[in-house]
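Novice: Model the following, please.
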Amino acid sequence: QLQKVKNDLKIVLSTVQSKNKRLEEDLKREEQWYEEQKQLLDTINQLEEEANTQVEQHSETREINELKNKILKLKTYKKELLSALGEFLDEHFPLPKEVESTKSKNPSAEPAVELITLQKILESLINKLMTTPHEPYITINESFWPPYIELLLRCGMALRHPEDPNQIRLQAFHK
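Specialist: Coordinates of the predicted model:
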């Protein structure tokens, strides 16, 4: 009977050992599979990060391009507005025409100073205000036609310098 128990135990031992061996093999396979899955996950995470940075770069590039397009449209619109303003000013506020009688009366006098159009006056006022907002005044000289200066002052589009009446600036409507 002891012999039988011994044989049964040997059989059980061999079964357990074979089962143990299979489990060890399964464990090795599972560990190998786990490592492969871990590497795969790391690779996927890297690809995702790269894709995200590319998407961010593309979105930044897209935003920059959109801003450039908006700036271009605004510049085009500004040119159209200035052109329309110029046409309006040329039509409704032309420079005074020289009278022949003044030339014949005083032929030895110096030639008259060439007058600046209202458009050029407004452009210089706008440019001065935009380039140097801390000192937006321009000096009035003899090339500025006095009725144009009076028109700008009376309409409230321009203001005289508080200390120097020969300087004017554009009214800051944007503030």
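Novice: alpha carbons only for contacts and neighbour counts from here, please
Specialist: Noted.
Novice: What helices and strands are in contact with the helix or strand encompassing residue 69?
Specialist: Residue 69 belongs to helix 2-92 when assigned by DSSP states H and E. Using 3 or more Cα pairs under 8 Å, 6 or more residues apart in numbering; DSSP states H and E, the elements in contact with helix 2-92 are helix 118-131.
Novice: Now do the helix it packs on against helix 2-92, angle only.
Specialist: Interaxial angle, helix 118-131 versus helix 2-92 (axes from the mean of the first three to the mean of the last three Cα atoms, to 10 degrees): 140 degrees.
Novice: Make residue 1 into 35 and carry on from there
Specialist: That works, and once the first residue is 35, the last one we named lands at helix 152-165.
Novice: elements contacting helix 152-165?
Specialist: Helix 152-165 is packed against helix 36-126, strand 172-173, strand 201-204, with contacts defined by 3+ Cα pairs under 8 Å, 6+ apart.
Novice: quick one: that helix to chain centroid distance?
Specialist: 25 Å (Cα atoms, centre = their mean, to the nearest Å).
Novice: Sort out which residues of it are buried, please.
Specialist: By 16 or more other Cα atoms under 10 Å, the buried positions in helix 152-165 come out as 152-153, 155-156, 158-160, 162-163.
Novice: what's the most distant pair in these?
Specialist: With Cα to Cα as the measure, no two of the buried residues of helix 152-165 lie farther apart than 152 and 163, at 16.5 Å.
Novice: one step back: residue 178: which of the buried residues of helix 152-165 is nearest?
Specialist: Nearest to residue 178 among these, with distances taken as Cα to Cα, is residue 155, at 7.7 Å.
Novice: Setting aside sequence neighbours, what's the nearest residue to the closest one?
Specialist: residue 178 (7.7 Å; Cα to Cα, 6 or more residues apart in numbering).
Novice: Same check on residue 194?
Specialist: Once flanking residues are discounted, residue 194 sits nearest to residue 202: 4.4 Å by Cα to Cα, 6+ apart.
Novice: How about the contacts made by the one you found?
Specialist: Residues near residue 202 by Cα atoms under 8 Å, 6 or more residues apart in numbering: 171-174, 192-195.
Novice: related to what we said a few turns ago, I'd like the buried residues of helix 152-165 as CSV, with distance to residue 36 and pLDDT appended.
Specialist: Putting the buried residues of helix 152-165 into CSV (distance: Cα to Cα, whole Å; pLDDT from 0 to 100) gives the following:
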residue, distance to residue 36, pLDDT
152, 127, 91
153, 124, 90
155, 125, 93
156, 122, 91
158, 120, 92
159, 120, 93
160, 116, 89
162, 117, 92
163, 115, 88
